[in-house]
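1. I'd like to go over a predicted model; first the sequence, then the structure.
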Amino acid sequence: MTGPMMQDPGSFRDPANLVFSLNGNVHRAIFAPGVQDYVSAKNEGVYARLAEAGILLLHEEIDPPPSAPEGTLYCLRYEALPMISYPWEWSFSMLKDAALLHLDAMEILLPQGFWLRDGSAINVQYDGRGLRLIDTLSIGLKKKGHPWVAYKQFCSHFLAPLALAAHGDVRTLALWREYVDGYPLDLAAHMIPFPKRYLSRLFIHLTLHARFQQKGWGDRRIGTYETPRFSESSLLGLTRSLRHAIAGLRWNEHSSPWRQYHPAQNYGDGGLLLKKQHVDRIVGVLKPKIVWDLGGNTGEFSTIAASHGSFVVSIDGDPACTEHLYNRLKGDLRGKSVLPLTMNLANPTPALGWNEKERHSLRARGPADLVTALAFIHHLVFSHNIPLPSIAEWLSSIGNHVAVEYVSENDPMVSRFLRARGDEHLPYSQALFESSFARRFSILERTQLTASRSLYLLARKGG
């Protein structure tokens with residue numbers, strides 16, 4: 001049976017195509033303005049070559065279904081991605097790799113008479129095996145003699161945030177939430193320390209570029225004014241110059257207490273081993289397709305879940321932890337199904353963009369089959385003043401099953417919080433924890449890990 005067609009609320013800006021979902025798959029409708037680019041690239045084998053290089057997400061051309069949008073001339077079908085993520089959630093190295101993926105595509109496309117029409121970071125996603133360019137119609141025929149149409153967008157989506165994070169503070173990557181269409185180049189250039197903004201390639205592609213934008217020169221439409229002619233070799237030179245600029249950026253990682261944290265210090269080897277065994281057993285029994293590991297730290301339990309074939313989203317608020325996990329797992333077959341994301345879970349990604357629907361909130365991308373919240377909820381209570389009943393309600397909105405650890409008042413970690421707060425803290429006890437979660441979940445099992453730590457497996461009521 002054919003289900004209803006659901007348009008992707010973030011797909012409306014490009015008149016050449018539109019993305020929609022149907023029967024569990026993602027589809028792309030190609031309209032008249034996109035036909036020439038699509039047919040030309042298909043006939044020249046461009047899509048096949050990019051897919052073979054691991055750059056482009058595979059698609060299948062199908063007959064347009066009856067429920068396809070009006071005006072659909074070609075229809076492409078993709079396997080649905082396990083999780084859509086956004087640049088403000090990525091580690092520094094993941095954003096850098098997404099930038100280099102765009103430039104890899106350009107090096108293949110330019111000699112064949114094509115280029116990328118878009119330089120958007122949103123066009124790159126993780127499919128469980130690696131980063132892929134997902135916007136098939138971002139590939140278009142190169143306009144002879146014209147400058148790269150996506151140059152400004154590429155600089156604002158990649159070079160500006162990476163340079164600001166590398167030469168300033170990695171926490172500036174959170175500016176993406178405000179500037180969902182890319183960083184203002186003048187803002188980034190202004191925030192980078194004075195000597196760094198005059199490094200040769202940064203000066204050309206960011207500082208000088210920003211000055212041109214401020215003067216209005218960068219917004220001239222081709223043909224309105226006299227425009228320099230760009231040969232294929234000059235476009236390749238631009239691509240390689242951007243590659244050198246991006247590849248040379250390094251984040252000087254700050255000292256992070258959580259990256260140095262090791263769970264054994266609060267469990268002892270026996271308690272930690274028991275916790276690992278129970279998490280391993282829970283995942284093995286439930287066989288969840290999607291796992292969200294909240295407060296994932298450097299991914300010790302995320303990789304346990306991934307070893308069962310689950311796609312694991314490992315979320316932590318510390319960029320040092322997610323950076324470490326991304327680089328540790330890159331190229332490791334055991335880590336191909338782990339996506340590290342940086343997010344303050346007391347302030348998770350909201351709905352953003354036009355009409356608050358263009359970019360999805362964390363909740364809208366769930367629910368996950370299993371959420372693990374291990375040694376995590378006491379941080380929400382004591383660091384962010386979030387009550388236990390509210391935490392239980394939130395977890396019930398993002399997970400069908402939840403493996404949650406309760407850390408008692410007698411635990412050294414909680415004792416430190418209590419000493420710092422004195423009597424000024426929210427109610428916190430095991431009885432309140434169990435009653436709060438029992439309103440939303442059925443308690444399937446409880447395991448005592450240590451004298452002060454218990455692991456609960458919960459099933460959402462009505463889930």
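-> Great, that's in hand. Numbers count the residues shown, from 1 in each chain.

2. Please make it C-alpha for all contacts and neighbour counts, starting now.
-> OK.

3. what about V404, distance to S396?
-> The gap separating V404 from S396 is 12 Å, by C-alpha to C-alpha, to the nearest Å.

4. ugh, wrong one, I meant L352
-> For L352 relative to S396 (C-alpha to C-alpha), the value is 22 Å.

5. Pick out whichever of those two has more residues nearby.
-> S396 (23 against 16; other C-alpha atoms under 10 Å).

6. Now do the buried residues in the strand or helix carrying the more buried one.
-> Using DSSP states H and E, S396 falls within helix 388-398. Of the residues in helix 388-398, L388, P389, I391, A392, L395, S396, S397, I398 count as buried by neighbour count, 16 or more other C-alpha atoms under 10 Å.

7. Tell me how far it lies from the chain's centre.
-> Taking the mean of its C-alpha atoms, helix 388-398 sits 23 Å from the chain's own mean (C-alpha atoms, centre = their mean, to the nearest Å).

8. Extract the CA atoms of it and return them as CSV.
-> Extracted C-alpha coordinates of helix 388-398, given in CSV (Å, rounded to 0.1, in the frame of the first residue of the first chain):
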residue,chain,number,x,y,z
LEU,A,388,13.6,14.6,38.1
PRO,A,389,9.9,14.5,37.0
SER,A,390,10.8,16.9,34.1
ILE,A,391,13.8,14.7,33.1
ALA,A,392,11.6,11.6,33.1
GLU,A,393,9.0,13.4,30.9
TRP,A,394,11.8,14.5,28.4
LEU,A,395,13.3,11.0,28.2
SER,A,396,9.9,9.5,27.5
SER,A,397,9.6,11.9,24.5
ILE,A,398,12.9,10.8,22.9
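
9. For E178, give its distance to S383.
-> Distance, E178 to S383, by C-alpha to C-alpha: 25 Å.

10. Let me know whether L141 touches V39 as I believe.
-> No. Between L141 and V39 there is no contact under C-alpha atoms under 8 Å: 10.3 Å.

11. between those two, which one's more packed in?
-> When neighbours are counted by other C-alpha under 10 Å, L141 and V39 differ, and L141 comes out ahead with 18 against 13.

12. Just the pLDDT at that one, thanks.
-> Per-residue pLDDT puts L141 at 98.

13. and it, what does it touch?
-> Shown in contact with L141 (C-alpha atoms under 8 Å, 6 or more residues apart in numbering): D37, S40, A41, G113, F114, W115.

14. Quickly list what the residue nearest to R229 when sequence neighbours are not counted is bridged to.
-> Ranked by C-alpha to C-alpha, 6 or more residues apart in numbering and with sequence neighbours excluded, the top spatial neighbour of R229 is G145, at 4.7 Å. Beta-bridge pairing for G145 (DSSP bridges): F230.

15. State the distance from G145 to M106.
-> In terms of C-alpha to C-alpha, G145 sits 16 Å off from M106.

16. More neighbours: those two, which one.
-> M106 (20 against 14).

17. Which element, helix or strand, includes the residue nearest to the more buried one when sequence neighbours are not counted?
-> Counting by C-alpha to C-alpha, 6+ apart, W115 is the residue found nearest to M106 once chain neighbours are left out, at 5.8 Å. Using DSSP H and E, W115 maps to strand 114-116.

18. what comes up buried for the helix or strand just after that strand?
-> Sequence order places strand 124-126 as the next helix or strand after strand 114-116, per DSSP H and E. Buried positions in strand 124-126, judged by neighbour count with 16+ other C-alpha under 10 Å: V124, Q125, Y126.

19. In space, what's closest to the first one - neighbours in sequence excluded?
-> In space, and not counting its chain neighbours, V124 is closest to L133: 4.6 Å by C-alpha to C-alpha, 6+ apart.

20. ok now do that neighbour, which residues does it touch?
-> Shown in contact with L133 (C-alpha under 8 Å, 6+ apart): I55, L56, L57, L101, H102, N123, V124, Q125.

21. if I look at the residue nearest to the fourth one when sequence neighbours are not counted, how far off is F92?
-> It stands for L101. Nearest non-adjacent residue to L101, counting by C-alpha to C-alpha, 6+ apart: I55, 6.7 Å away. With the distance defined as C-alpha to C-alpha, I55 ends up 19 Å from F92.

22. Isn't A210 up against Y183?
-> No. Using C-alpha under 8 Å, A210 makes no contact with Y183, being 10.9 Å away.

23. what about the two, which has more around it?
-> The residue with more neighbours, out of A210 and Y183, is A210; 25 against 21, by other C-alpha under 10 Å.

24. For the more buried one, which residues are in contact?
-> A210 is in contact with L185, D186, A189, counting by C-alpha under 8 Å, 6+ apart.

25. which non-adjacent residue is nearest the last one?
-> Nearest non-adjacent residue to A189, counting by C-alpha to C-alpha, 6+ apart: T207, 5.4 Å away.

26. so who does that neighbour touch?
-> Going by C-alpha under 8 Å, 6+ apart, T207 touches L185, D186, A189, R197, Y198.

27. how about the fourth one, secondary structure?
-> So the one you mean is R197. Counting by DSSP: H, G, I helix; E, B strand; the rest coil, the backbone at R197 sits in helix.

28. burial of it, as a residue count?
-> Using other C-alpha under 10 Å, R197 is surrounded by 22 other residues.

29. Which pLDDT value goes with it?
-> pLDDT recorded at R197 is 82.

30. Go ahead and confirm it touches A188.
-> No. At 9.4 Å, R197 and A188 do not qualify as touching, with contact defined as C-alpha under 8 Å.

31. Return the helix or strand in this protein with minimum mean pLDDT.
-> helix 257-260 (a mean of 50; mean pLDDT, DSSP states H and E).

32. next structured bit after that one?
-> Per DSSP H and E, the helix or strand that comes after helix 257-260 is helix 264-286.

33. how far is that following helix from where the chain is centred?
-> Here helix 264-286 is found 28 Å from its chain centre; the criterion is C-alpha atoms, centre = their mean.

34. could I get the helix or strand just after it in CSV with only the CA atoms?
-> Using DSSP H and E, the helix or strand that follows helix 264-286 in sequence is strand 290-294. Presented in CSV, the C-alpha positions along strand 290-294 are these (Å, rounded to 0.1, in the frame of the first residue of the first chain):
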residue,chain,number,x,y,z
ILE,A,290,19.0,3.4,16.7
VAL,A,291,20.6,4.2,20.1
TRP,A,292,21.2,7.6,21.5
ASP,A,293,23.9,7.7,24.2
LEU,A,294,23.4,10.8,26.3
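
35. elements contacting strand 290-294?
-> Under the contact criterion of 3 or more C-alpha pairs under 8 Å, 6 or more residues apart in numbering; DSSP states H and E, strand 290-294 touches helix 300-306, strand 311-316, strand 368-373.

36. just how off-centre is the first one within its chain?
-> This points to helix 300-306. On the basis of C-alpha atoms, centre = their mean, helix 300-306 sits 18 Å off its chain's mean C-alpha point.

37. And the last one, by the same measure?
-> Distance of strand 368-373 from the chain centroid (C-alpha atoms, centre = their mean) equals 18 Å.

38. One more: the second one?
-> In terms of C-alpha atoms, centre = their mean, the centre of strand 311-316 is found 10 Å from the chain centre.
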